[in-house]
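>>> What follows is a predicted structure for the sequence shown.
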Amino acid sequence: MSQHPFKILLVEDNLGDILLTEEALRECKFPTELIVKKDGNEALIYLIRQQKKDPSELPNLILLDINLPKKNGHEVLESVKNHPDLKHIPIIILTTSSSEWDILQAYREHCNSYIVKPVDAQEFFKITSVLEDFWIHTASIPNKKSSS
């Protein structure tokens, strides 16, 4: 039985972190498709266009950095969670910021989880594995076709 890829939107402007995420996801036991947007504005435009064009192709999960050009992660998070056709998508904040304000604000804006990126690549791979175990294998998320 073929499995549809689990679509992940990565909103990240750091090339090193993008490459590390791509490499970590290649190790997943489940097929994944990574869509990368390098600033908050580009991510919102993508999500809104995709929702209008084909909601079944929206990502299953968003990995969102806080420190982004154009629109920061807080602005993206707030926009997605206030959009009636996008707010069901789980958003994991994956950022270098360990600021108590950023963490509290992200949860106030309804993020599903806040993870401070580790500096060590092996630790980053562990976090990716935990994300895969939970969001792909354990959690139930809405069927994209029935979310509109």
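Here it is on my side, so go on. If you're wondering where the values come from, they're calculated on a predicted model, not measured in any experiment.
>>> Go through the lowest-mean-pLDDT helix or strand in the chain and flag the buried ones.
The least trusted helix or strand in the chain, going by mean pLDDT, DSSP states H and E, turns out to be helix 121-131, with a mean of 85. By 16 or more other Cβ atoms under 10 Å, the buried positions in helix 121-131 come out as 124, 127-128, 131. No exception for glycine: its C-beta is placed from N, CA and C like everyone else's.
>>> any idea where the strands of this protein begin and end?
For the chain, strands defined by DSSP state E occupy the ranges 6-11, 32-37, 61-64, 91-95, 113-116.
>>> For those, give me CSV that also has mean neighbour count, mean pLDDT and distance to Tyr107.
Formatted as CSV, the strands of the chain follow (neighbours: other Cβ atoms under 10 Å; pLDDT from 0 to 100; distance: least, Cβ to Cβ, whole Å):
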stretch, mean neighbour count, mean pLDDT, distance to Tyr107
strand 6-11, 22, 93, 18
strand 32-37, 18, 92, 23
strand 61-64, 25, 95, 13
strand 91-95, 24, 94, 9
strand 113-116, 16, 94, 7
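>>> Arg49: which of the ones you listed is closest?
With Cβ to Cβ as the criterion, Arg49 lies closest to strand 32-37 of the strands of the chain, at 11.5 Å.
>>> on that earlier part again, I'd like the strands of the chain as TSV, with distance to Glu23 appended.
Shown next, in TSV, are these (distance: least, Cβ to Cβ, whole Å):
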stretch	distance to Glu23
strand 6-11	12
strand 32-37	11
strand 61-64	14
strand 91-95	15
strand 113-116	17
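>>> out of the ones you listed, which comes closest to Trp135?
It is, among the strands of the chain and with distance given as Cβ to Cβ, strand 61-64, at 5.5 Å.
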